[in-house]
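> What would the 3D arrangement of this be:
(one chain, ligands or ions: 1)
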Amino acid sequence: MMRQYELVDRVRKYNPQTDEDLLNRAYVFAMRAHGAQKRASGDPYFTHPLEVAAILTEMKLDDATIVAAVLHDTIEDTGATRAEIDSLFGAEIGSLVDGLTKLKKLDLVSKRAAQAENFRKLLLAIAEDVRVLLVKLADRLHNMRTLHYVSPEKRARIAEETLEIYAPLAGRMGMQSLRDELENLSFKYLMPEAFAMVSTRLEDLRDKNKELIATIEDELTEELARRGIQAHVSGRQKQPYSVWSKMERKSVAFEQLSDIFGFRVVVNDVDEVYRVIGVVHTKWPMVPNRFKDYISTPKQNDYRSVHTTVVGPGRQRVELQVRTHEMHDIARNGIAAHALYKDRRNAPAPVLSHESNAYQWLKRTIDLLADGDSPEEFLEHTRLELFHDQVFCFTPKGRLIALPRGATPIDFGYAVHTSVGNSAVGVKINGRLAPLLAPLANGDEVEIIRAEGQTPPAAWESIAITGKARAAIRRASRDAVRAQYAGLGRQIVLRAFERAGKKFSEDKLRAALPRLARASIEDVLAAVGRGEMFSGDVVKSVYPDFKEDRKPAPANPADPGWFGMQKASGVQFKVPGATNNVHALPIRGLRGDLPVTFAPNGGAVPGDRIVGIMTPGEGIIVYPIQSPALAAFDDQPERWLDVRWDIEDAQELFPAKIIVAAINEPGSLGAVASLIGELGANIDDVKFNKKSPDFREMILEIQVFDLKHLTDVQSRLRALPIVNSVERVIG
Ligand code: MN
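Residues are numbered from 1 along each chain as shown. Have a look, this model is predicted:
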């Protein structure tokens, strides 16, 4: 295991100003946090974060990144918390470790189809800080290096994911050496035979050409030295995976590949690069169409070099890459690492500020990736337009859920599973209780609190923004309403059987279903509950010789069974007509002194969206926007006035009309009337309609403070067991 002083030494070598105390504290903190945890290899777990940090010291990264690497698994795998890390190491490191904790949850997402999704999430994460991604890539590299210890299934999954996501990403960021190693390791685990074949042949080739390579290296170095150019020349062989993918791509055999060898010439400055090219082209004939100047036109990942191919000693084709030390560093470690390094040299206290090179680079890379005009292979199948209008959240188990931006925990619940949405009663976002209506943010961990036997409130339908949630809520409330009707119907039917002196049994009713033309008992009960079927007919279907001796109740309001309850309820009925107070209506947007009245039939209450209609001889008549009467003015736009309520705290009462359908039995009106009274609403007038032998309709003219009050009254009435339906009437 790397010792504490070794880590500090490695960093100090490239960064003399390193905060040794910080590194030491991180080392000890992570060592203690991971304690006796072991890796699959049997090594202490702590060796892993240390190796990750070591990989990053090779890229010469700043203290914050190194410390974040040492701490990167502490929040997820040990008892450490974000707050603890913030207070011990500062918020900058805290947020890096937090970003890594979020990315770690990606590892649990294993479905192949979800990879493009993951990748976008990854982009979102790096958008916050490129260093998170650098640590993540180093983390993946160390895990790949030690992959032989894990189970074959896990090995295959991780290798595949590395090849599809992480290696191309490293390449896209210009980190060639990291990319090569990730690819070769994946290749080795996924296709062991092919890997062995390619590697063996590359080795044979290297042995065979050893002398030739040494000759070219020497000749070239000498030739350049003679011209006063100090160059580092090294022969290099293509990597096994890149050889393999070229064989695959071009369907060629190993022997047919001509460019397995290349030479790299590293010099001090750009001037020397072109002088090297001059020397090489003078000494050996150049192969046409192989000259590429990536210095004057850098690649998108900021790769810079000049490439050429010549016919060298022994008529051997020789490929050359010529570059400066700085270009070489960028080609190996990527511009991000390089820029971070440069930032640090320019500023004693490095932070990823908005002016820094690394930040600018990052922003440009994300723009490029998001534009989707990049021909790079791994972007081809990702629909990046989703990137801007989506949010990505995690379940507590780390499943990644993609939702449209603006989605609420309600949408999240339904996205996880319909039953989760239906039973949602609360939510914890990132461990804290939050409202179910709060819009979700990227990276939120969302835990739905559930209670079985819940029905989603119908109002959720307008809050949810995903189609899946809306459809499910509609279905659930339809089912709930149906269940309510069936419950009501059951009461009615049981009483009807009781009155008839007959025994109710579901079996007998089931046998009678064809006679009632219904498919199920539930259907029958719901039909009775809705008033579509008379309970006496249900009794008759089971006992065909049963004679109904009860006369249907009279529709007369004077029927003591109904109106008799009025006194008992103790509710005072106000005199109708006192409400149309012409001049005092608190409505804004009216013209001049025209008299203002409410439309007859129901009126409007504060909270209703309203419009005024100019009516000759009568002034302005105010209608709720949903009033069907407004259709009559559709072709006269000049009469419409935009008006709104000018009212803060409703003290006044406003008229509204509702129709309540309730079971036809003594006490119904009393129950309805006293509930309305309890809720602080007045009843102005009551009329009765006969709906069916089982039901009566009460048409109530009431007075309420506002729409919320009215809605309360309606929903409380609906909750009465005797009540079948409550509708507002707007004329
Ligand atoms: Mn790790």
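> for the stretch 101-250 of the chain, what spans make up the strands?
Here the stretch 101-250 of the chain has its strands, by DSSP state E, counting those that start in this stretch, at 232-237.
> Quick one: neighbours of the one residue in it that gets nearest to the ion, just the number.
Among the residues of the stretch 101-250 of the chain, Asp139 lies closest to the ion, at 4.2 Å counting by CB to the ion. Every residue, glycine included, has its C-beta placed from N, CA and C. Using other CB atoms under 10 Å, Asp139 is surrounded by 24 other residues.
> wouldn't it be in contact with Val70 here?
No - counting by CB atoms under 8 Å, Asp139 stays clear of Val70, with 11.4 Å between them.
> Spell out which residues of the chain are next to the ion.
Those residues of the chain that sit near the ion, judged by CB under 5 Å from the ion, are 73, 139.
> lowest-confidence helix or strand of the chain?
Of all the helices and strands that make up the chain, the one with the lowest confidence by mean pLDDT, DSSP states H and E is helix 565-569; it has a mean of 34.
> okay, which residue is most central for the chain?
Geometric centre of the chain, nearest residue: Phe392, 2.7 Å, by CA atoms, centre = their mean.
> and that residue, what element?
Using DSSP states H and E, Phe392 falls within strand 390-394.
> That strand packs against which elements?
Strand 390-394 sits against helix 115-128, strand 400-404, with contacts defined as 3 or more CB pairs under 8 Å, 6 or more residues apart in numbering; DSSP states H and E.
> quick check: angle from it to strand 400-404?
Taking axes from the mean of the first three to the mean of the last three CA atoms, to 10 degrees, strand 390-394 and strand 400-404 form an angle of 150 degrees between their directions.
> By mean pLDDT, show me the worst of the helices and strands packed on strand 390-394.
Note on these: lowest mean pLDDT is at helix 115-128, with a mean of 52.
> Pretty sure Ala80 sits against Ala33.
Yes - the criterion here is CB under 8 Å, and Ala80 meets it with Ala33 at 5.0 Å.
> Starting from His328, give me the distance back to the residue of the stretch 551-700 of the chain found nearest the ion.
Of all residues in the stretch 551-700 of the chain, the one sitting closest to the ion is Gly607 (55.0 Å; CB to the ion). The gap separating Gly607 from His328 is 70 Å, by CB to CB, to the nearest Å.
> so Arg495 sits right up against Ser535, yeah?
Yes - judged on CB under 8 Å, Arg495 makes contact with Ser535 at a distance of 7.4 Å.
> Name the residue in the two with the higher neighbour count.
Remark: of Arg495 and Ser535, Ser535 carries more neighbours, 26 against 15, as counted by other CB under 10 Å.
> so what's that one up against?
Listed by CB atoms under 8 Å, 6 or more residues apart in numbering, the contact set of Ser535 reads 492-493, 495-496, 528, 693-694.
> filter these to the buried ones?
Listed as buried from those are 492-493, 496, 528, 693-694; burial here means 16 or more other CB atoms under 10 Å.
> Pro152: what's it in contact with?
Residues in contact with Pro152 (CB under 8 Å, 6+ apart): none are found.
> at 10 Å instead, please
Applying CB atoms under 10 Å, 6 or more residues apart in numbering to Pro152 gives the contacts Tyr189.
> how close does Phe705 get to Gly607?
With distances taken as CB to CB, Phe705 is found 9 Å from Gly607.
> How about Ala33?
If you go by CB to CB, the gap between Ala33 and Gly607 works out to 55 Å.
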